[in-house]
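> the amino acid sequence is not available; the structure is as follows:
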């Protein structure tokens, strides 16, 4: 990879665009060039441009990323910047670019990246990638696999850091880690150490968790399983009895509820009859309304006709008044028409007279407007000329004042420079740069010394903590030994108490106890089984007797149901007949309703098809027979409802018969089954007693003998289980104490090992502390000597260096200011001369404008007088507009008045026609009223109503009639429903009393029995739940124990694996693996460095890594390097015996070796050195220059960044970075 050109804009102090072309002279002709300039001028910005263009990163930043540091990259006052590099790789040329810009709000937009392949003539390109990730991947590929870190180590040589490595003695490992960026080896070493420590802690936690798990013995678990089976059998029996008693209590409660309901129904029926009596007047009024409702349409039609007659008479009166008003208004409009026509004629004559002078006045107004515009333009020109003369005069005075001020300032600047001549030597020298470097070294030594001191303090604290921890481990070990002895003594006492031989093993005692417990459990199980079987036998006998009793009851029930079935069948036949009767009545009413509708369709004189009459006085009236139809429909529906109720009762009787027959069959089957089970259970009891050799007579004939034997065996089994638990518990404690004994021994050994390691570190750091102290005193002495030359010996170092730099910058600014003042004085003299000439020309122009202004004003006055004489000062256009509008208004008024007259005439004709029609309509309405009113009176008198007033009084409004009818129907339905409920309630009470096995008076006794049995079931369920919870907990603990044991076995392998890795590479400070890896890296690095070193000194020297001579040498010794002199029989000697020039060559060779190592297979042809020359003397510097020239001869392009004067003289091709005013710099390429 070879860099061909660098382009950038607005980076740091280098404002504007800059281009460094390595393919153009003089850089093309020389492979070695110097980048020179004062401190802070911007030399390193060239390197920033390279890494920005390729990777978008800057190596000078601690984290190398520019995010949130844009202001440290972009030149102050600029809005955008970019960096671009063209480089050659494998015969092709590529261009990589990076750019950044500010947004309108002042924030920074996302930086842009681009890489392109250039054509051979460089005139066209092909964009390869624009996305950051794609650009990074492509750049790394084109650079032979170099990422940012490897590129910087390959191109930017770390010669200065290797010089420090060669000088160092105690911190070579740290320096080499920083140079090679190999801190990952320390992290791996620390991670291995910590991971082993964490694995040990996790294993201890698992073992502790396992020791805390308590498990039941197999005998205890089997006993719980047997106990659960017995309890569940008992619960099944008791639950059946509980359900039976609950059902019987529910039947009793239902009977009581029916009796209460029957009493409430009687009270409710009495109240309903009272309400019916109170509402009877309303029901009579409804009956009269239902008769009169038939004549309501005729009454409404007659009243509406009378109302319409009155309305027509009112309309006739209104039309007569409107006709008189219209006639008067027509006469008024005719007179107004004549007046408007006279006014319009006068207005036309006035307008013709005005038009004769209009054109003359318009022409004069146009001339006056033109002259006025000319006057305004001349007036503006006069003001501008006068202002120009004034401004030029003011400018001459101001320039003269500025010149005087500059002359005075120049005298002050000259005096200041003379007074501060002491600081002139700082301008062209590197004194401040050297002081800063020395101060940086001083700070590094102070920081290293402080770090060593802090580490020493930390190490001492760790040693003290480990001593305390060791004492705690010893105390715990002693306590654990005491506890173990006490627990072993308790074990012996337990054996003596239970008549056990303490000399025998714990396992022997445990097996013997478990065998006894198993035998007792088997016997207890047999006795419990016998007891349960005996209870079952007794229960079966009682069930057989109960089945016989239930069969008798069911037979009685079946007889009663047969009687009810016959009665309900007869009632059903009667209900169907009643339903058919009411259905026929309803059909007759519907036919009558249809004939009533047909009556309205008859014509006067036609024969009626029903009664054959040719006179139909009521053909136009409708008769409402809806009440009769509704009554028939109601009766039909009630009959149908009653038939359905009887059908339901009949169907229920059939189902009850079938259910009773089925119950009888079930009871007979159950009785047969119970009779078969009795001998089987008796046989099973005998078999169990014979197997266990128990006496049936002793256990069943004597009262409570069986229960006492079960209790005795249970107590024996519990005692054996308690003894087994006690043995297990004390044995677990003994095992835990023995485990703790081993753990405390292990912790104590590990504590001792770590303590020895920290003491060794403390000794090594004490030697490093002594070395740093000597370096610190040496740097302080040099700085104090330099500052004494400028009378700053007593000031603090940072403040003194800052003071020197301020004076240097101030002196440079004053020199530049003096030059600027001389330039400004010359410019002001030239400016005054130019302004004087412009002033004279402006004065001549002003005089000519004033003469023209006077002539124009006289012509304007003549035109204005002529116009006033003709029309005065009024506006001719406004007058014309006014007269035109007046004439148009008169014309519109005439047209509006004519239209109004025509409309009035039309309205008069229309009203006359309407009045005639209304009079005819009034006569017809009078004739209709005279005809219909007598007919309606005759019809209502036939039903007992005297006149139309009585008819209206008998009619109810629709809502009122509907409310009364609904009240009547609902009241009757409620009474019928209440009577039906009373009947059903009595039937249900009778049915329940017949089937109730226990008298209602014994309910309290039955409730007490039920509650007692319920409590027994509850207690039994609690016992079952407790047993199940114990078994569930046992299963959980067993699974947990198995899981933990599997984890412990698996984790032991993990701990062993990490222990092996820790033994090989792990350490708390990461040094073990770091030194080992660095030793291998150093071997490769020395091999590559020797390839370069043999070119520098003709093969006389080569480097060789020193080997450890015996096992107990400190690990740091393996990072030491010897120099082998081939001219003295391959004599080996330490590097500190080399001269200054030879040391520089060795460090440069190592830096080039690191470049090769980092570059891998990539070919790096462009190198930069940015350090290491400031402290070299003249002879050593010559050696360095010759070495660089040797590299140049190998085809490398080498850029040296330095301000050393001797390098400027020996390297002719130079890139100068020169400071300018305002904090900016300038870049030039030249050849000295």
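Perfect, I can see it now. As the structure is a computational prediction, the values presented were derived from the model and not from experiment.
> any idea which helix or strand carries residue 1200?
Here residue 1200 sits within strand 1197-1201, counting by DSSP states H and E.
> now residue 1203: how far from residue 238?
Distance of residue 1203 to residue 238, given as CB to CB, to the nearest Å: 107 Å. C-beta coordinates here come from the backbone N, C-alpha and C atoms, glycine included.
> ok, now how distant is residue 1206 from residue 1183?
Using CB to CB, we find residue 1206 at a distance of 12 Å from residue 1183.
> more neighbours: the two, which one.
residue 1183 (20 against 16; other CB atoms under 10 Å).
> how big is the angle separating the helix or strand where the more buried one lies from strand 1197-1201?
Taking DSSP H and E as the criterion, residue 1183 maps to helix 1178-1193. On the basis of axes from the mean of the first three to the mean of the last three CA atoms, to 10 degrees, helix 1178-1193 is oriented at 150 degrees to strand 1197-1201.
> what does helix 1178-1193 contact?
Residues outside helix 1178-1193 that contact it (CB atoms under 8 Å, 6 or more residues apart in numbering): 30-32, 1092, 1095-1096, 1139-1142, 1144-1145, 1148, 1152, 1167, 1169, 1173, 1176, 1198, 1200, 1204, 1206-1207, 1210-1211.
> what do you get for stretch 44-63?
Outside of stretch 44-63, the residues within contact range by CB under 8 Å, 6+ apart are 3, 6-8, 11-14, 20, 35, 64-66, 69, 72-73, 83-85, 96-98, 111, 113, 132, 136, 139, 143, 147-148, 151-152, 155-156, 1168, 1170, 1199, 1201, 1215, 1217.
> again, only this time at 6 Å
By CB atoms under 6 Å, 6 or more residues apart in numbering, the surrounding residues in contact with stretch 44-63 are 6, 8, 11-12, 14, 64, 66, 83-85, 96, 98, 113, 139, 148, 152.
> please, which helix or strand holds residue 9?
strand 2-11.
> and that strand, what does it pack onto?
On a contact count with 3 or more CB pairs under 6 Å, 6 or more residues apart in numbering; DSSP states H and E, strand 2-11 meets strand 14-21, helix 45-55, strand 80-89.
> returning to that earlier point: buried subset of the contacts of helix 1178-1193?
30-32, 1092, 1095-1096, 1141-1142, 1144-1145, 1148, 1152, 1167, 1169, 1173, 1176, 1198, 1200, 1204, 1206-1207, 1210-1211 (16 or more other CB atoms under 10 Å).
> what angle do the strand holding residue 9 and strand 1197-1201 make?
Using the same axes, to 10 degrees: strand 2-11 against strand 1197-1201 is 30 degrees.
> and strand 2-11, how far out from the chain's middle?
Chain-centre distance of strand 2-11: 45 Å, with CA atoms, centre = their mean, to the nearest Å.
> run a quick neighbour tally on residue 656.
If you count neighbours by other CB under 10 Å, residue 656 ends up with 17.
> I should have written residue 355 there, sorry.
A count of nearby residues for residue 355, using other CB under 10 Å, gives 10.
> so between residue 1203 and residue 238, which is more surrounded?
Using other CB under 10 Å, the more surrounded residue of residue 1203 and residue 238 is residue 1203, with 21 against 16.
> show the backbone phi and psi for that one.
Here is the backbone geometry of residue 1203 (degrees, to the nearest 10): phi -120, psi 10.
> that one and residue 333: what is the separation?
Counting by CB to CB - residue 1203 and residue 333 are separated by 115 Å.
> ok, now which ones touch the residue nearest to residue 195 when sequence neighbours are not counted?
Spatially, and ignoring its direct neighbours in sequence, residue 195 is nearest to residue 1058 (5.2 Å; CB to CB, 6 or more residues apart in numbering). The contact partners of residue 1058, taken as CB under 6 Å, 6+ apart, are 195-196, 199.
> return the closest of those residues with respect to residue 320.
Nearest to residue 320 among the contacts of residue 1058, counting by CB to CB, is residue 195 at 121.6 Å.
> which secondary structure element contains that closest one?
Element membership for residue 195, per DSSP H and E: helix 183-211.
> list the buried residues in that helix.
Quick answer for helix 183-211 (16+ other CB under 10 Å): 185-186, 188-193, 195-196, 199-200, 203, 206-207.
> measure residue 1010 to residue 358 for me?
127 Å.
> ditto for residue 1020
Using CB to CB, we find residue 1020 at a distance of 129 Å from residue 358.
> likewise residue 5?
Plainly put, residue 5 is 84 Å away from residue 358 if you go by CB to CB.
> check residue 336 too.
Taking CB to CB, one finds residue 336 at 33 Å from residue 358.
> repeat that for residue 997.
Applying CB to CB, the value for residue 997 to residue 358 is 133 Å.
> same thing with residue 928?
78 Å.
> residue 1211 too?
For residue 1211 relative to residue 358 (CB to CB), the value is 98 Å.
> one more: residue 133?
Taking CB to CB, one finds residue 133 at 85 Å from residue 358.
> cool, residue 328 as well?
Distance, residue 328 to residue 358, by CB to CB: 46 Å.
> who has more neighbours, these two?
Between residue 328 and residue 358, counting by other CB under 10 Å, residue 358 is the more crowded of the two (13 against 8).
> wait, is the more buried one part of a helix?
Yes: according to DSSP: H, G, I helix; E, B strand; the rest coil, residue 358 belongs to a helix.
> i'd like the first residue to be 480 from this point on
Renumbered: residue one is now 480, and that last one reads residue 837.
> what packs against the strand holding residue 1679?
Strand 1676-1680 makes packing contacts with strand 511-516, strand 1645-1648 when contacts are defined by 3+ CB pairs under 6 Å, 6+ apart.
> quick one: strands adjacent to that strand?
With DSSP bridges as the test, strand 1676-1680 is paired with strand 511-516 (parallel), strand 1645-1648 (parallel).
> and these: which comes nearest residue 697?
The closest of these to residue 697 is strand 1645-1648. By CB to CB, the value is 81.3 Å.
> starting at the chain centroid, how far to the closest one?
Distance, centroid of strand 1645-1648 to centroid of chain: 50 Å (CA atoms, centre = their mean).
> which other residues reach it?
For strand 1645-1648, contacts defined as CB under 6 Å, 6+ apart pick out 481-482, 635-636, 638, 1675-1679.
> let me have these in JSON lines, extended by distance to residue 1142 and pLDDT.
Shown next, in JSON lines, are those (distance: CB to CB, whole Å; pLDDT from 0 to 100):
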{"residue": "481", "distance to residue 1142": "111", "pLDDT": "86"}
{"residue": "482", "distance to residue 1142": "110", "pLDDT": "90"}
{"residue": "635", "distance to residue 1142": "106", "pLDDT": "75"}
{"residue": "636", "distance to residue 1142": "110", "pLDDT": "68"}
{"residue": "638", "distance to residue 1142": "113", "pLDDT": "56"}
{"residue": "1675", "distance to residue 1142": "115", "pLDDT": "78"}
{"residue": "1676", "distance to residue 1142": "115", "pLDDT": "84"}
{"residue": "1677", "distance to residue 1142": "116", "pLDDT": "85"}
{"residue": "1678", "distance to residue 1142": "115", "pLDDT": "87"}
{"residue": "1679", "distance to residue 1142": "118", "pLDDT": "86"}
